[in-house]
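*Asks:* Pasting a predicted model and its sequence here:
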Amino acid sequence: SVIEKSKQLAAWTAVDEHVLPEYRVIGIGSGSTVPYVVERIVNQGAEANRDRVFIPTGFQSKELIVSSGLSLGDVDQYPTIDVTLDGADEVDTQLNCIKGGGACHLREKVLAEAATTFILVADYRKNVEYLGTNFKAGVPIEVVPFAYAKVLQNLHQVLDSPKATLRMAVAKAGPVVSDNGNFIIDAPFDVERMKEPYTIMAQIKMLTGVVEVGLFCHMARAAYFGNQDGSITVKW
Ligand code: DER
């Protein structure tokens, strides 16, 4: 499909430009774009990957690394990462992004912060001027189960996100449970407020019971978008 081709184009271009031969520790994100990142790295050849170690951002990311025959590492062993490549739900003109559509943003943010270079790869739908333009599900928030009702109440009554909801699972009765055993709340804010994502992120992060917020502000070095016409857009 056009969307899959655009994901592949973004991923291959980003790998070609940012996964340098001398890089040994590489962070691998989550979602449906990142498999194209891994396929391009595998294509660099066994010799290029022989001494490398790949750090996952969750169960899906770990399975992708292992099934691709790449060496698995842990962020405990490698607290500093040469480059982390990850997808995003939306990226604005300042490279702020919404992440967490796949409920993986806690470990993703740890690896984004640990990386010397953090690179985003996405299809054209994610390339927006302001966050909240296309991605209407809201800001993903990982919360401890014990506190989810209180966080919801504070989002509704204090942070003025009346449509905030607990993310319910589809193939399982009850809520989505993250790789860390926590719940996810999706909190929509109007586009005006999403023009200041750092402010919203800080306000949400201060709510008792919040573990991590799916707004990554001032973290990415560059964002690669495949376009419908087969061209590439790079923001940095
Ligand atoms: O959940 C996440 O942050 C993922 O990176 C996700 O948002 C990207 O999803 P996609 O690559 O499948 O569009």
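*Replies:* Cool, got the structure.
*Asks:* on contacts alone, who are the packing partners of the top helix by length along the chain?
*Replies:* With secondary structure taken from DSSP state H, the chain has its longest helix at helix 2-18. The contact analysis (3 or more Cβ pairs under 8 Å, 6 or more residues apart in numbering; DSSP states H and E) places helix 2-18 against helix 34-42, strand 81-86, strand 115-123, strand 222-226, strand 232-235. Yep, even glycine has a C-beta here, placed from its N, CA and C like the rest.
*Asks:* what does that helix contact?
*Replies:* With contact meaning Cβ atoms under 8 Å, 6 or more residues apart in numbering, helix 2-18 is reached by 32-34, 36-37, 39-41, 44, 83, 85, 117, 119, 121-125, 222, 224-228, 230, 232, 234.
*Asks:* of all the residues in the chain, which ones are close to the ligand?
*Replies:* 29-33, 86-89, 99-102, 104-105, 108 (Cβ under 6 Å from any ligand atom).
*Asks:* from the residues you listed, which would you call buried?
*Replies:* Neighbour counting by 16 or more other Cβ atoms under 10 Å classes 29-31, 33, 86-89, 99-102, 104-105, 108 among the residues of the chain next to the ligand as buried.
*Asks:* Just the residues you listed: which are in helices?
*Replies:* Checked against DSSP H, these include these in helices: 105, 108.
*Asks:* where exactly do the strands run in this structure?
*Replies:* All strands of the chain, identified by DSSP state E, fall at 25-28, 53-56, 81-86, 90-91, 97-98, 115-123, 139-143, 165-166, 183-187, 210-213, 215-216, 222-226, 232-235.
*Asks:* Now mean pLDDT too, for those, in JSON lines please.
*Replies:* Formatted as JSON lines, those follow (pLDDT from 0 to 100):
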{"stretch": "strand 25-28", "mean pLDDT": "98"}
{"stretch": "strand 53-56", "mean pLDDT": "98"}
{"stretch": "strand 81-86", "mean pLDDT": "98"}
{"stretch": "strand 90-91", "mean pLDDT": "98"}
{"stretch": "strand 97-98", "mean pLDDT": "98"}
{"stretch": "strand 115-123", "mean pLDDT": "98"}
{"stretch": "strand 139-143", "mean pLDDT": "98"}
{"stretch": "strand 165-166", "mean pLDDT": "98"}
{"stretch": "strand 183-187", "mean pLDDT": "98"}
{"stretch": "strand 210-213", "mean pLDDT": "98"}
{"stretch": "strand 215-216", "mean pLDDT": "98"}
{"stretch": "strand 222-226", "mean pLDDT": "98"}
{"stretch": "strand 232-235", "mean pLDDT": "98"}
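*Asks:* buried set for stretch 137-156?
*Replies:* 137-143, 147-148, 151-152, 154-155.
*Asks:* returning to that earlier point: can you turn the buried part of the contacts of helix 2-18 into a ChimeraX selection?
*Replies:* Only the buried entries of the contacts of helix 2-18 go into this ChimeraX selection, using 16+ other Cβ under 10 Å:
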select :33,34,36,37,40,41,83,85,117,119,121,122,123,124,222,224,225,226,227
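*Asks:* Give the residue farthest from the middle of this structure.
*Replies:* residue 47 (28.8 Å; Cα atoms, centre = their mean).
*Asks:* Straight-line length of stretch 159-172, end to end?
*Replies:* End-to-end distance of stretch 159-172 (Cα to Cα, to the nearest Å): 30 Å.
*Asks:* Buried by neighbour count: which residues of that stretch qualify?
*Replies:* 159, 161, 164-167.
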